[in-house]
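>>> Return atomic coordinates for the entry below.
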Amino acid sequence: MNAPARGVAAAAPAGGLGPRTRPEPHVGPAGGRPRSGKPSGPVLVAVAHGSRDPRSAATMRDVVEQLAAAHPDTDVRLAFLDLSTPSVDEVLDAVAAEGHSQAIVVPLLLGSAFHARVDLPGLLEAASARNPRLRLTQADVLGPDPRLIVALRDRVHDSLIGAHSASTGIGATGFSDQHDHSYPGTSDRGGRIGIAVAAVGSSSASANAATARVATRLTEITGWDTEICFATTEPTVLEAVSRLRARGAEQVLVAPWFLAPGLLTDRLLGAAPDLIHAEVIGPHPALTEIIWDRYAFAATTPLPLSA
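Prediction:
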């Protein structure tokens, strides 16, 4: 592994559920700032993908606001890799201009693909070169963390309850609360339920295979029949639906493996407009917890960033 580029480091992969170590809090006045006017630890810069669709940025702002509310003594900021503002460059330069000496950058990404392995490290190296007094550490990506799959389960379960309520007019009778770990395996009509887990998709077969394990894990924790599909490659959502129905699924729902809505989730909806589409993961408590764990781990276990 090569030497870090002017103060830039990468955190060792958190893996699994990640550690529960927390930076020692610094109690301050309202807003989370101590009386000196400085945050209690490294600035947390959450970096989202960005989109031309304004709903995407709005959702990620909700996520970061939830995170900041949960950790008021930490300076939490949001930046975007592309298409939305503020950019990574703008946020990191502002952090440096305010006199901060350290920031931990948490990629709000579901996979360790080009953005996490190439784009973001390049941006951090350039920011470090411009601001040599600011030490930057890149944390691990989010998923597929087991807790995110639980969040996906919750979004699907909410949609099942809504579908049942709409069809019967009597609320969620017969459907278990999402916290009791019991899930309906059949629709209100008595047919089996199938879940098409829909992700972005990649040109890398290995990356798609890794994403497919999300559907497998969802089956393991719920008993639902699942199939993976992609918005940008095969298998398509219609292919996944066909496979589920061939195995006996009467009611099929689409579960978007996305943090925020956007053009690709709209594409999935347009391809299967007659199906129920669950909500994206969005500002779920599990996502808040995972982001914080990535930050906390990176604060204690940085490793040099390879070139």
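>>> Show me where this structure has its strands.
For the chain, strands defined by DSSP state E occupy the ranges 8-11, 43-48, 76-80, 102-107, 135-138, 192-199, 225-230, 249-256, 276-277, 302-304.
>>> can you point me to the longest helix in this structure?
Secondary structure assigned by DSSP state H gives helix 146-168 as the longest helix of the chain.
>>> Output the lowest mean pLDDT helix or strand found in this structure.
Of all helical and strand segments in the chain, the minimum by mean pLDDT, DSSP states H and E falls on strand 302-304, at a mean of 55.
>>> gap between residue 257 and residue 111?
To residue 111, residue 257 is 10 Å away according to CB to CB, to the nearest Å. Backbone N, C-alpha and C define where each C-beta goes, glycine included.
>>> Please identify every residue contacting each of these two.
Listed as contacting both residue 257 and residue 111 by CB atoms under 8 Å, 6 or more residues apart in numbering are residue 211.
>>> quick one, which of the two is more surrounded?
Legend: neighbour count by other CB atoms under 10 Å for residue 257 and residue 111, higher for residue 257 (25 against 22).
>>> So the more buried one sits against residue 201, correct?
No. With contact defined as CB atoms under 8 Å, residue 257 does not reach residue 201; the gap is 10.2 Å.
>>> Need the overlap of contacts for those two.
Common contacts of residue 257 and residue 201 (CB under 8 Å, 6+ apart): residue 211.
>>> Let me see the confidence value for the most centrally placed residue in the chain.
The residue lying closest to the centre of the chain (CA atoms, centre = their mean) is residue 259, at 4.8 Å. Residue 259 carries a pLDDT value of 98.
>>> Looks like it contacts residue 280 (just checking).
Yes. Shown here, residue 259 and residue 280 form a contact pair, counting by CB under 8 Å, at 6.3 Å.
>>> and for these two, which residues touch both?
Common contacts of residue 259 and residue 280 (CB under 8 Å, 6+ apart): residue 59.
>>> my guess is residue 81 meets residue 46, correct?
No. If you go by CB under 8 Å, residue 81 and residue 46 don't touch, sitting 11.4 Å apart.
>>> More neighbours: which of the two?
residue 46 (24 against 19).
>>> and the residue nearest to residue 239 when sequence neighbours are not counted, bridged to which residues?
Distances taken as CB to CB, 6 or more residues apart in numbering put residue 229 closest to residue 239, at 6.5 Å, once the chain neighbours are dropped. Under the criterion DSSP bridges, residue 229 forms beta bridges with residue 198.
>>> Quick check: residue 229 vs residue 54, distance?
26 Å.
>>> Those two: which is more packed in?
residue 229 (28 against 10).
>>> ok, now how distant is that one from residue 298?
Residue 229 is 33 Å from residue 298, by CB to CB.
>>> cool, and residue 116?
From residue 116 to residue 298 the distance is 13 Å (CB to CB).
>>> again, but for residue 226
Distance, residue 226 to residue 298, by CB to CB: 32 Å.
>>> Skip the chain neighbours and tell me the closest residue to residue 284.
Residue 284's closest residue in space is residue 151 (CB to CB, 6+ apart), at 4.1 Å.
>>> And the one you found, how far from residue 80?
In terms of CB to CB, residue 151 sits 22 Å off from residue 80.
>>> What residues sit buried inside the longest helix of the chain?
147-157, 159-161, 163-164 (16 or more other CB atoms under 10 Å).
>>> same deal with stretch 257-275?
257-262, 264-265, 268-269, 271-272, 275.
>>> residue boundaries of the helices in the stretch 1-150 of the chain?
Using DSSP state H, counting those that start in this stretch, the helices found in the stretch 1-150 of the chain span residues 54-70, 88-97, 114, 120-130, 146-168.
>>> buried stuff in the fourth one?
Going back to what we said before, that points to helix 120-130. Buried residues in helix 120-130 (16+ other CB under 10 Å): 120-121, 123-128.
>>> Tell me which other helices or strands it touches.
strand 8-11, helix 88-97, strand 102-107, strand 135-138 (3 or more CB pairs under 8 Å, 6 or more residues apart in numbering; DSSP states H and E).
>>> One more: the last one?
Helices and strands touching helix 146-168, as assessed by 3+ CB pairs under 8 Å, 6+ apart, comprise strand 192-199, helix 205-222, strand 249-256, strand 276-277, helix 285-300.
>>> And this structure, split by domain according to the record?
8-142+285-304, 146-258 (automatic domain parsing).
>>> For the nearest residue to residue 91 once chain neighbours are set aside, which residues count as its bridge partners?
Distances taken as CB to CB, 6+ apart place residue 79 nearest to residue 91, at 3.9 Å, with adjacent residues excluded. Beta-bridge partners recorded for residue 79 (DSSP bridges): residue 47.
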